[in-house]
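1. fold the following.
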Amino acid sequence: MLDALAEAIEIGERSGCPVQISHIKTWGARAWDKAEAMLALIDEARERGLDITADRYPYPAAFGGVANIVPVPARIEAMERGGLEYLRDADLAESIRAWAEGYLADLGGPEKMVFAPLEPMPEIDGKSLAQVAEERGEEPWRVGLELTIRGGVSVIYFSMREENIPIFMRHPAVFAGSDGHLRVLGRGVSHPRNYGTFPRWIGHYGRDQGLFTVEQVVRKCSSMPARKLGLHDRGEIAPRKIADLAIFSWEEIIDTATFEDQHRYPEGIPHVIVAGVPAVRDGDVTAATPGRALRRSR
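-> Alright, predicted model coming up:
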């Protein structure tokens, strides 16, 4: 992990490109003690003049594909042989088994992988790899291989340590990011970050944990990411800026989505204005559709 971060820094310095570590984390038990070392590398690079920042979602679980359990070289070799079904070939399957068992051990076991397919699959939705393997009477790595071949299977990975989240969040070069994606309310298994990222930054960590003042956490949720993304007409309340406003109560704002009940909207945000037009008024979504895709501006 530290080598990967050092490589990103080297690429930024040699190319002159700004660097964004998205989304900074310590994945797996072997990395849990490296949060401070990661931030030290970032500090050193910033002192040398590199424009490097990072973003963080406020949850100890990641979201990705089940294919992570299969090593990349095996996937490449299978495709060169004609398709992912060739992962079942004896030589590839044996390499996958060795990789997957180490991967699952670092993760904390197959119970740390919970299935959340983008297209609902009721037979596995919300179940762990350990549960599905037991139901099928197969070894966990073999279930992961078969679901990789099937495709379209996403997973929530409980791979991080809660104590490291505030360490990253407090750093002056780290701002909020959801790493989320649109889901249909109530459909399938989701990740709570799709509903609660910014209210959790503000309410849970800012107000309840005392990590930030309201001004500090709003900056981390608005102007910092807007500037990094080149959205120079947004992220601040100022003349000639686009009026994108989330009006919330500092005393009441909080996320309500959980890993057990993911499809829940936050509380304490009565009004939302998008490009000067009310999109949420008194907690109800209006009929207005003022949103649009954003592009980097000069």
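
2. and the gap between the residue of the chain most remote from its centre and Thr148?
-> Distance from the C-alpha centroid of the chain peaks at Ala90, with 34.6 Å (C-alpha atoms, centre = their mean). According to C-beta to C-beta, to the nearest Å, Ala90 stands 17 Å off from Thr148. Placement of C-beta: from N, CA and C, glycine included.

3. please apply the same query to Asp179.
-> 21 Å.

4. who has more neighbours out of these two?
-> Neighbour totals were compared for Asp179 and Thr148, and Thr148 leads with 21 against 18 (other C-beta atoms under 10 Å).

5. the nearest residue to that one once chain neighbours are set aside: neighbour count?
-> The shortest distance from Thr148 to any non-neighbouring residue, by C-beta to C-beta, 6 or more residues apart in numbering, is to Ala67 (4.6 Å). Other residues lying near Ala67 total 20 when counted by other C-beta under 10 Å.

6. part of a helix, is Ala67?
-> Yes - Ala67: assigned to a helix according to DSSP: H, G, I helix; E, B strand; the rest coil.

7. is it in contact with Ile76, as I believe?
-> No - Ala67 is beyond contact range of Ile76, at 11.8 Å (criterion: C-beta atoms under 8 Å).

8. what about the strands in the chain?
-> Along the chain, the stretches classed as strands by DSSP state E are 19-22, 52-56, 62-65, 113-115, 154-157, 174-176, 245-247, 271-274, 277-281, 284-285.

9. name the surrounding residues that touch the second one.
-> By that I understand strand 52-56. 9, 12, 18-25, 42, 45-46, 165, 168-169, 171, 173-177, 179, 224-225, 228 (C-beta atoms under 8 Å, 6 or more residues apart in numbering).

10. filter the residues you listed down to the ones in helices?
-> By the criterion of DSSP state H, membership of those in helices covers Ile9, Gly12, Ile42, Ala45, Arg46, Ile165, Phe168, Met169, Met224, Pro225, Lys228.
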